[in-house]
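>>> compute the structure for the input listed below.
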Amino acid sequence: STLCFALHILMWSRFSPHVDALPFMVVEFLCTGTLSGLVALFTESLTLADLTAAVVPLLFAGVLGVGVTYTIQIYAQRFTPASVAALLMSMEAVFSAVGGVIILVVGVNNPNLGLSGAWEGIRLVFGGLFSTGRTAAGQLTFGFNSTNVGNMFFRATPLILTGLSVAVAFKTGLFNIGAPGQYLMGTAATLMLALSIPTEVVPAPLVWVIAFLGGMLAGALWGCIPGLVKAYLNINEVLACIMTNWIAANLVTWLFDISSFKNVAESTKTGYIYKTTYNGVATAKMGLDKLFPNSQVNGGILIAIVFAIGVYVMMSKTTFGYQLKACGSNRHAARYAGIADKRNIVISMAIAGGLSAAGASLYYLSGNTEFFWSTYQSLPGIGFNGIPVAMLASCNPIGIIFTALFMSMLDISGLQLTNLTAYNEYITNVIIAVIVYLSAFSLVIKMWIGKLGRKNDDGADANAEPAPAAAPAPAAVPAETEKGGDAK
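Numbers count the residues shown, from 1 in each chain. Sure, this is the predicted structure:
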């Protein structure tokens, strides 16, 4: 990690700060993976055969996945029914190809699985969302699984909003890696408001609205901190976001530690905060529980979709959105054009923080989730998962809806893979990590393709035949002059 951080500093000092940092991050990931593999190899915790078995399928998946992921980003630029269909098929192709190769290699090399177990794993990769279990004879069965589909929508709700959080900041030229901290601050504010306001005095729906808006406000204020230091002190927002993430984690731990919201009613859950249903507050189902019975789905997914549409309209159809994107394209040119760049940077990070906190609010206001607090509060993975969700959709707000559904589908398929086969639970994390890695690497491929296209254009111009010389213009005939010097 120290070597990779030093590499990042060297690259950042060598190139202009306006250069896209994502290719540099890819190099850092490559160095991290290489160093980790070499350390494991030389400490004899990993054999050369194991290392080869891990690298070969990843290389194969990389060749196939980079091209398809690049296609995803192209189709995400234009939102039409045909492009949505192509986007979904491309994502399914990436997941199936990458997941199938990894599962096949692991299954063949595991005596407890073999080819038959690998085949079952591949089938669950393709159709895990619609898996219904096993027959009495042990055969896998498939069909419409309302529980899995409903849970997919429920898991996608916070991912849509954290993805929007990253996308809004990215459009303004900022990398919002502070979504986990904003998510935690939204969680704390939402739960404290939802559990502290008595529903005997204030109606439960009004308490829900207050808790939701309060969570968004807390996240927006927390997002302003890196925005302010970026705008007025020119401190890199990535460093500021990392610091605010861990400050939020410790602050939330302290607030819940001294609070009366710890679950003491159930002796086995003292490490959890009460569910909001303890105070009679929960998100309305809006009829979705009848469409997808036995699942956690509620109206939160509809609210998240409305937010995505609203962000799309704001960024694409309003003057304010144009100003944000102008600041992201070139902050100095935007300032020269009369756009308040510092104000827009702060507002952009505030919007990003509010969106991330809204994801936390909808997740914990569902009434069937509970927050685990501890003396060492870890950062929520949903906040970080918003980054690949936004990048897979090329920061298109409408595309983020589908990439969030795709990522939540991976979780559901992973659960089915773990419950119905002998595969380890971490195999899903490996598949997701590879897909995220390929989505980042596709940006480098896109840059290479652009350079190659420009080089071909320059070569075509050099080989073109020179244009014939233009005919000389006829000499001007001097005007005759009469007496008195007046020209005719």
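
>>> from here on, contacts and neighbour counts on C-alpha atoms
OK.

>>> which residues does the helix or strand where I303 lies contact?
Element membership of I303, judged by DSSP states H and E, is helix 300-317. Contact with helix 300-317 is made by 153-154, 156-158, 160-161, 164, 168, 283, 320-322, 324-325, 359, 362-363, 366, 396-398, 400-401, as judged by CA atoms under 8 Å, 6 or more residues apart in numbering.

>>> those in helices, which ones?
153-154, 156-158, 160-161, 164, 168, 320-322, 324-325, 359, 362-363, 397-398, 400-401 (DSSP state H).

>>> now, of those, which are buried?
The neighbour count (16 or more other CA atoms under 10 Å) marks 153-154, 156-158, 160-161, 164, 168, 321-322, 324-325, 359, 362-363, 397-398, 400-401 as buried among the ones in helices among the contacts of helix 300-317.

>>> can you list the buried residues in stretch 196-209?
I197, T199, A204, V207, W208.

>>> now do that stretch, average pLDDT.
Stretch 196-209 shows a mean pLDDT of 93.

>>> can you tell me the SS state at the residue nearest to T135 when sequence neighbours are not counted?
Spatial nearest neighbour of T135, excluding adjacent residues (CA to CA, 6 or more residues apart in numbering): T141 at 6.8 Å. Taking DSSP: H, G, I helix; E, B strand; the rest coil as the rule, one finds T141 in the strand state.

>>> tell me the contacts of T141?
Taking CA under 8 Å, 6+ apart as the test, what T141 contacts is S131, T132, G133, R134, T135.

>>> now for the closest residue in space to the fourth one that isn't next to it in sequence: which residues touch it?
Right, R134. Leaving aside its chain neighbours, R134 sits nearest to L140 (4.5 Å; criterion: CA to CA, 6+ apart). Neighbour list for L140: E120, S131, T132, G133, R134 [criterion: CA under 8 Å, 6+ apart].

>>> G381: how many residues sit nearby?
11 (other CA atoms under 10 Å).

>>> go on, the one 3 residues further on?
Other residues within reach of F384, judged by other CA under 10 Å, total 20.

>>> quick check: buried residues in the strand or helix carrying it?
Here F384 sits within helix 381-392, counting by DSSP H and E. Using 16+ other CA under 10 Å as the test for burial, helix 381-392 gives I382, G383, F384, N385, G386, I387, P388, V389, A390, M391, L392.

>>> surely the third one touches G181?
Right, F384. No - under the criterion of CA atoms under 8 Å, F384 makes no contact with G181, lying 10.0 Å away.

>>> do you know the pLDDT at the nearest residue to V229 once chain neighbours are set aside?
Once flanking residues are discounted, V229 sits nearest to I235: 5.7 Å by CA to CA, 6+ apart. What the model reports as pLDDT for I235 is 88.

>>> so where's the stretch 251-400 of the chain uncertain?
267, 375-377 (pLDDT under 70).

>>> residue contacts, L324?
So L324 contacts K171, T172, M315, N344, I345, S348 (CA under 8 Å, 6+ apart).

>>> could you tell me which of those belong to helices?
K171, M315, N344, I345, S348.

>>> what two of those are the furthest from one another?
Farthest-apart pair in the ones in helices among the contacts of L324 is M315 and I345; separation 14.2 Å (CA to CA).

>>> look at those two and report which has more neighbours.
I345 (26 against 20).

>>> single out whichever of the contacts of L140 has the smallest pLDDT.
Scoring the contacts of L140 by pLDDT puts E120 last, at 73.

>>> now that residue: which helix or strand?
helix 114-127.

>>> for the helix or strand that that helix is followed by, packing partners?
Toward the C-terminus, helix 114-127 is succeeded by strand 131-134 as the next helix or strand (DSSP H and E). Applying 3 or more CA pairs under 8 Å, 6 or more residues apart in numbering; DSSP states H and E, one finds that strand 131-134 contacts strand 140-142, helix 397-420.

>>> mind redoing it with 6 Å?
strand 140-142 (3 or more CA pairs under 6 Å, 6 or more residues apart in numbering; DSSP states H and E).

>>> pull up the pairing partners for the strand it packs on, direction included.
Its sheet considered, strand 140-142 pairs with strand 131-134 (antiparallel) by DSSP bridges.

>>> need the contact partners of the strand it pairs with.
Outside strand 131-134, the residues that touch it by CA atoms under 6 Å, 6 or more residues apart in numbering are L140, T141, F142.

>>> where in the stretch 1-150 of the chain is pLDDT low?
In the stretch 1-150 of the chain, residues with pLDDT under 70: 1-118, 122, 126.

>>> thinking again about what came up before, wasn't the residue nearest to V229 part of a strand?
No - counting by three-state DSSP, I235 is not part of a strand but coil.

>>> for G227, see how far away it is.
I235 sits 9 Å away from G227, going by CA to CA, to the nearest Å.

>>> cool, and K269?
Distance from K269 to G227, by CA to CA: 38 Å.

>>> okay, these two: which has more neighbours?
Comparing K269 with G227 by other CA under 10 Å, the one with more neighbours is G227, at 30 against 14.

>>> now do the contacts for the closest residue in space to that one that isn't next to it in sequence.
Using CA to CA, 6+ apart and skipping the chain neighbours, the partner closest in space to G227 is V346 (4.5 Å). With contacts taken as CA under 6 Å, 6+ apart, V346 has the following neighbours: C224, G227, L228.

>>> excluding chain neighbours, what is closest to the last one?
Leaving aside its sequence neighbours, L228 sits nearest to V346 (CA to CA, 6+ apart; 5.7 Å).

>>> next step: the contacts of V346 restricted to helices.
C224, G227, L228.

>>> hmm, the second one is touching I351, no?
Pointing back at G227 there. No - using CA atoms under 6 Å, G227 is not in contact with I351; the gap is 10.5 Å.

>>> next, T135: phi, psi?
The phi/psi pair for T135 (degrees, to the nearest 10) reads phi -80, psi 180.

>>> distance check, it against F142.
On the measure of CA to CA, T135 and F142 end up 10 Å apart.

>>> more neighbours: the two, which one.
F142 (16 against 9).

>>> look up how far A156 lies from the nearest residue to the more buried one once chain neighbours are set aside.
For F142, ignoring the flanking residues on the chain, the nearest one in space by CA to CA, 6+ apart is S131 at 4.5 Å. Noted for S131: a distance of 19 Å to A156, by CA to CA.
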